[in-house]
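**Student:** Here is a sequence with its predicted model. Questions after.
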Amino acid sequence: MSESSKLNILVVGSGGREHALVQKCLQSPLAGKVIATPGNGGMASEVECFNVSVEDIPALVQLAQDQNIGLVVVGPEIPLSLGLVDALAEVGIPAYGPNKDGAQLESSKAFCKDFFARHSIPTAAYGTFTEVAPALAYLDAHPSPIVIKASGLAAGKGVIMAETQEEAIAAVKDMLEGDAFGSSGKEIVIEETLYGEEASIHVIASGEHFVCLPPSQDHKRAGEGDTGLNTGGMGAYTPTSKVTPAMQAEIEEQVIKPTLAGLKADGIDYRGTLYAGLMLTEKGVKVLEYNVRFGDPETQVLLPMVADDLVPVLLASAKGESLPAELQCHKGAAIVIVLAAGGYPGSYAKGQEITFPNTLPASSAVVHAGTTRDADGTIRTAGGRVLGVSGQAPTLQEAVELAYSVCDQIEFEGKYLRRDIGHRELNR
């Protein structure tokens, strides 16, 4: 392929998900120049990074134009909810991700739950509230345990699992009267607690066309045994045997197809990732929520498992063209373990120097999330989730051993990780 026909790609975002996307794009024969904004320490070691905020839509469009970009891959939800894809479309630049209307599936939990009700998509019973009194009346009629969610974007943290009525009442008042989640919590969703195991299904969509990535499961709680505070995710693995081929078919028929048909019926041309957070209950599959971008840290295990070149698929989705019937994926399993800063998801130190092994074993990788790179190449901590260490192997047990062996060779002050990622699958 001639250099002139190659595609310049901009990846928007600064986390582990975006580093994994950068690495996948760099592998593509279609890719010309790959750049990122704002990037992180790991991305800066591999591609040119530009210091443009993901919330500065005009500056992102200008950057894409200045750099002759042929495909923008949008990592996080915030620029999607602010209409980055719409703004890029106006200047003729294809962008992978939904437009602002489609992004409401994630940016407003109230919109999403009402969409489920309108299109008969299986989910938890719920109520939506902006005032305290009716919310408390709903709690009276639906005793705890119950789930209270900030409707707006809250970086994966706006969910309270209230075990007692006192906790539920406090959560409602903190969000609606206080400032627990800022403007994101001024509308709340209260819903029944569902029991079962969670699973994640990631779909690349182009209108009603879609192709599925392997099913995965992530670990949201900070502590081992799935205890402690909710985080953005402490690790993930794929595949999960809980999602059998029969269940996968059920999910596609009862969840994915009616969702994409419902979006079309509502006048939304949906393109990009549709990420269904599912609860596998005794009464069947229920949708907990939708995200409109790849999950983090799930992306770090899903993308390495895809054997195909992903860039043409992302470009076809961005342009609203048809997609391949399926993606070729490697056999075996993959896992990612998050190395976090001590104290996460509460307060934590930044600026600690990180030391890495000189060489990595085959089939392992280190993806950067919250890092910066000094002028001399020193990598330092800059976030709560600092790094993701992934391993691929014929079995999950082998992938686990590979990834943890690398985790133990990486050092920074206050390093924290869970030692039981993948425990449910390993104990089946």
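**Tutor:** On my side now, so go ahead.
**Student:** Now for this protein, the helix or strand with the poorest mean pLDDT.
**Tutor:** Ranked by mean pLDDT, DSSP states H and E, the weakest helix or strand in the chain is strand 159-162, scoring a mean of 85.
**Student:** tell me what that one is packed against?
**Tutor:** Contact analysis of strand 159-162 by 3 or more C-beta pairs under 8 Å, 6 or more residues apart in numbering; DSSP states H and E lists strand 146-150, helix 165-176 as its packing neighbours. Every C-beta, even on glycine, is put in place using the N, C-alpha and C of the backbone.
**Student:** Mean pLDDT for these - can I get that in TSV?
**Tutor:** Listed next are the helices and strands packed on strand 159-162 as TSV, based on pLDDT from 0 to 100:
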stretch	mean pLDDT
strand 146-150	88
helix 165-176	88
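**Student:** which of these sits most buried?
**Tutor:** Most buried of the helices and strands packed on strand 159-162, by mean neighbour count (mean count of other C-beta atoms under 10 Å): strand 146-150, with a mean of 25.
**Student:** Paired strands for that strand, with orientation please.
**Tutor:** Its sheet considered, strand 146-150 pairs with strand 159-162 (antiparallel), strand 188-192 (antiparallel) by DSSP bridges.
**Student:** now, of those strands, which is deepest in the fold?
**Tutor:** strand 188-192 (a mean of 22).
**Student:** what's downstream of it, the next helix or strand?
**Tutor:** Next along the chain after strand 188-192, taking DSSP states H and E as the criterion, comes strand 197-206.
**Student:** Do a quick rundown of the helices in the stretch 51-200 of the chain.
**Tutor:** Under the criterion DSSP state H, counting those that start in this stretch, the stretch 51-200 of the chain contains helices at 57-66, 77-81, 84-90, 100-107, 109-118, 132-141, 165-176.
**Student:** and the longest one with strand 188-192, angle?
**Tutor:** Orientation note: helix 165-176 sits at an angle of 150 degrees relative to strand 188-192 (axes from the mean of the first three to the mean of the last three C-alpha atoms, to 10 degrees).
**Student:** Might you report the residue contacts of the residue lying closest to V292 once chain neighbours are set aside?
**Tutor:** Nearest residue to V292 in three dimensions, chain neighbours excluded: E106, at 4.5 Å (C-beta to C-beta, 6 or more residues apart in numbering). Shown in contact with E106 (C-beta atoms under 8 Å, 6 or more residues apart in numbering): E77, L80, S81, C112, L153, E289, Y290, N291, V292, R293.
**Student:** Save those as CSV, and put in neighbour count and pLDDT too.
**Tutor:** Listed next are those as CSV, based on neighbours: other C-beta atoms under 10 Å; pLDDT from 0 to 100:
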residue, neighbour count, pLDDT
E77, 22, 95
L80, 31, 97
S81, 20, 96
C112, 22, 89
L153, 21, 71
E289, 20, 89
Y290, 22, 93
N291, 22, 94
V292, 24, 97
R293, 26, 97
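**Student:** Flag the shaky bits of this structure, pLDDT-wise.
**Tutor:** For the chain, applying pLDDT under 70 flags the ranges 1-4, 154-157, 180-185.
**Student:** Break it down into its structural domains.
**Tutor:** For the chain, automatic domain parsing gives the domain ranges 3-97, 125-192, 198-319, 333-426.
**Student:** now do the same end-to-end measure for the second one.
**Tutor:** Yep, that's domain 125-192 we're talking about. In domain 125-192, first residue to last residue: 6 Å (C-alpha to C-alpha, to the nearest Å).
**Student:** now stretch 323-333
**Tutor:** Span of stretch 323-333 from end to end, C-alpha to C-alpha: 25 Å.
**Student:** What is the end-to-end distance of stretch 354-374?
**Tutor:** Stretch 354-374 end-to-end distance (C-alpha to C-alpha) = 11 Å.
**Student:** Which element, helix or strand, includes V367?
**Tutor:** Assigned by DSSP H and E, V367 belongs to strand 364-368.
**Student:** so how far is that strand off the chain centroid?
**Tutor:** Strand 364-368 sits 17 Å away from the centroid of its parent chain (C-alpha atoms, centre = their mean, to the nearest Å).
**Student:** in its sheet, what does that strand sit against?
**Tutor:** The sheet places strand 364-368 alongside strand 385-393 (antiparallel), with pairing taken from DSSP bridges.
**Student:** for the helices of the stretch 51-200 of the chain, which one ends up most surrounded?
**Tutor:** helix 77-81 (a mean of 24).
**Student:** Dump the C-alpha coordinates for it into PDB.
**Tutor:** Provided in PDB are the C-alpha atoms of helix 77-81 (Å, rounded to 0.1, in the frame of the first residue of the first chain):
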ATOM      1  CA  GLU A  77     -17.600   9.000  27.000                       C
ATOM      2  CA  ILE A  78     -17.300  12.800  27.700                       C
ATOM      3  CA  PRO A  79     -16.300  14.000  24.200                       C
ATOM      4  CA  LEU A  80     -19.000  11.700  22.800                       C
ATOM      5  CA  SER A  81     -21.600  13.300  25.100                       C
END
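**Student:** Point out the other helices and strands that that helix packs with.
**Tutor:** On a contact count with 3+ C-beta pairs under 8 Å, 6+ apart, helix 77-81 meets helix 100-107.
**Student:** relative orientation of the helix it packs on and strand 197-206 in degrees?
**Tutor:** 170 degrees.
**Student:** Okay, angle between helix 100-107 and helix 109-118 too, please.
**Tutor:** Using the same axes, to 10 degrees: helix 100-107 against helix 109-118 is 100 degrees.
**Student:** L339 touches L417, doesn't it?
**Tutor:** Yes. Assessed by C-beta atoms under 8 Å, L339 is found in contact with L417 at 5.2 Å.
**Student:** which of the two has more neighbours?
**Tutor:** L339 (25 against 20; other C-beta atoms under 10 Å).
**Student:** Which positions in the helix or strand encompassing that one come out as buried?
**Tutor:** Assigned by DSSP H and E, L339 falls within strand 333-341. Buried residues in strand 333-341, counting neighbours by 16 or more other C-beta atoms under 10 Å, are found at A333, A334, I335, V336, I337, V338, L339, A340, A341.
**Student:** Next, the contact list for the fourth one, please.
**Tutor:** What that stands for is V336. Residues in contact with V336 (C-beta under 8 Å, 6+ apart) are 16, 235-237, 297, 300-301, 367, 388-390, 403, 421.
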